[in-house]
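> With the sequence up front, the predicted model follows.
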Amino acid sequence: MAKSARLLLAACVILLQALVASAQSSPKPRARDLGVPFDGTTGPLNAITDIKGVEVGHTTLISGDGPLKVGVGPVRTGVTAVLPRGKNSNDAVFAGQFTLNGNGEMTGIHWVEESGFLSGPVMITNTHSIGVVHDGVIAWQVKRGVPDQEEYWWSLPVVAETWDGDLNDINGFHVKTDDVFHALNTAYSGPVEEGNVGGGTGMICNEFKGGIGTSSRVLDAKAGGYTVGVLVQCNYGRRDQLRIAGVPVGREISENTGTEIPLFPHRQEEVGSIIIVVATDAPLLPTQLKRLARRAALGLGRDGSYASNGSGDLFIAFSTANPGSDGKHGPHSVTMLDNEDLSPIFLATVQATEEAIVNAMIAAETMTSIDNHTVYALPHDRLREVLKKYNRLTK
């Protein structure tokens with residue numbers, strides 16, 4: 001088969017996968033569909049992929065039921081990939097990172113902090129699959145790419161994690177290199193699947209089912225018309241801390257939903273983690289992006305988290321502006337916003353983070369796994385009842 005034909009076939013396969021994923025995800029309601037009020041104007045997709053060039057892909061692994069048998073299952077895990085300039089670009093982006101609480105891991109951030117650049121994707125998985133995903137990204141880059149300007153191979157992938165061991169055979173090491181390749185190769189720029197998908201498959205949020213969520217904000221023309229997008233993998237919090245649109249939803253929905261609350265004894269304490277990825281097309285430098293990453297914490301706080309001692313709250317922000325700023329010798333000319341112009345972007349980040357977390361919980365579905373333990377989804381009807389009680393329901 002000719003090279004051009006192979007490339008065309010590969011493109012058709014990826015497009016088909018994207019269309020299937022879109023069709024599968026479209027019936028799921030999102031927070032706004034249920035009448036949850038949020039501030040700000042969203043992009044067309046209300047997703048991180050509203051940033052031109054950003055692609056998101058998932059590998060979701062679900063198999064087995066009943067008692068835990070390490071190495072066998074049940075399996076409820078996966079991998080999520082966020083590619084700042086898409087899978088076909090080797091161009092780095094300016095980036096900044098922030099750790100709100102450090103009981104977690106995000107590899108590669110020391111070089112992000114030092115250099116101000118993010119090269120390659122941001123990957124999210126479970127805690128004990130960091131290594132295989134890290135190695136898988138390097139293998140994927142070697143297979144697809146070329147040596148750098150110095151003619152040698154070098155990579156420090158950014159791979160982040162949250163712990164899914166309540167629902168997943170986490171010590172069975174079920175994530176493989178092929179799963180990493182699949183998440184990367186099937187990433188696309190359309191609607192983003194949310195809930196029990198990718199790295200978020202086995203996650204729990206505020207004792208309800210958690211997972212992957214996303215949202216975006218578009219600034220008005222006066223503020224530059226820039227877009228901010230956020231993607232989260234949420235796996236934190238006790239039920240009584242959950243707040244949605246300023247309403248103490250977790251305290252209101254405290255009734256037994258089919259199992260004892262809390263589901264697992266260790267969740268009597270505030271445990272768990274969240275990974276937040278912030279993307280923008282605004283021309284920001286690394287120091288400004290670090291400031292942007294910090295603002296994600298305020299959106300997280302709106303939903304009730306206080307970043308306890310046992311949590312891993314790790315955030316990274318990048319800008320798709322200023323292409324070609326890395327990898328070539330000599331001076332570079334870049335554009336940047338004045339610091340005085342950053343406040344609307346900060347606000348957009350807070351708003352999009354708040355909504356992305358709620359979208360993750362709305363999209364997540366009830367899941368039964370190890371020893372037939374069940375984690376129930378946030379009940380949509382009860383959420384609407386509570387919001388109406390506090391005069392916060394929009395429709």
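Ah, there it is.
> helices and strands around the helix or strand encompassing residue 79, which ones?
Using DSSP states H and E, residue 79 sits in strand 75-83. Using 3 or more C-beta pairs under 8 Å, 6 or more residues apart in numbering; DSSP states H and E, the elements in contact with strand 75-83 are strand 55-63, strand 122-126, helix 177-185, strand 227-236. All C-beta atoms are positioned from the backbone trio N, CA, C, and that covers glycine.
> now these in CSV, with distance to residue 285?
Output for those, formatted as CSV (distance: least, C-beta to C-beta, whole Å):
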stretch, distance to residue 285
strand 55-63, 24
strand 122-126, 19
helix 177-185, 28
strand 227-236, 16
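> Kindly reformat those as TSV containing mean pLDDT.
Compiled in TSV, those are given as follows (pLDDT from 0 to 100):
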stretch	mean pLDDT
strand 55-63	98
strand 122-126	98
helix 177-185	98
strand 227-236	98
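> With respect to residue 202, which of these lies nearest?
strand 122-126 (6.9 Å; C-beta to C-beta).
> Would you point out which residue is most central in the protein?
residue 232 (3.1 Å; C-alpha atoms, centre = their mean).
> Tell me how far it lies from residue 359.
9 Å (C-beta to C-beta, to the nearest Å).
> what do you get for residue 226?
21 Å.
> what do you get for residue 395?
Distance, residue 395 to residue 359, by C-beta to C-beta: 17 Å.
> Apart from its chain neighbours, what residue comes closest to the residue nearest to the centre of the chain?
residue 356 (4.7 Å; C-beta to C-beta, 6 or more residues apart in numbering).
> shouldn't that neighbour be in contact with residue 210?
No: Residue 356 is not in contact with residue 210 according to C-beta atoms under 8 Å; the separation is 11.6 Å.
> Name the residues contacting each of those two.
Counting by C-beta atoms under 8 Å, 6 or more residues apart in numbering, no residue touches both residue 356 and residue 210.
> circling back to that earlier point, which residues are in contact with each of residue 232 and residue 359?
Residues touching both residue 232 and residue 359 (C-beta under 8 Å, 6+ apart): 213, 214.
> What's the mean pLDDT across the helix or strand that contains residue 346?
Element membership for residue 346, per DSSP H and E: helix 343-363. Average pLDDT, helix 343-363: 98.
> Downstream of that helix, the next helix or strand is which one?
Counting by DSSP H and E, the element after helix 343-363 in chain order, helix or strand, is strand 367-368.
> Name the helix or strand of the protein that has the lowest mean pLDDT.
Lowest by mean pLDDT, DSSP states H and E among the helices and strands of the chain is helix 3-25, with a mean of 46.
> Name every strand pairing with the helix or strand containing residue 278 and say which way it goes.
Here residue 278 sits within strand 271-280, counting by DSSP H and E. Partners of strand 271-280 in the sheet, by DSSP bridges, are strand 227-236 (antiparallel), strand 310-319 (parallel).
> Nothing else from me, thank you.
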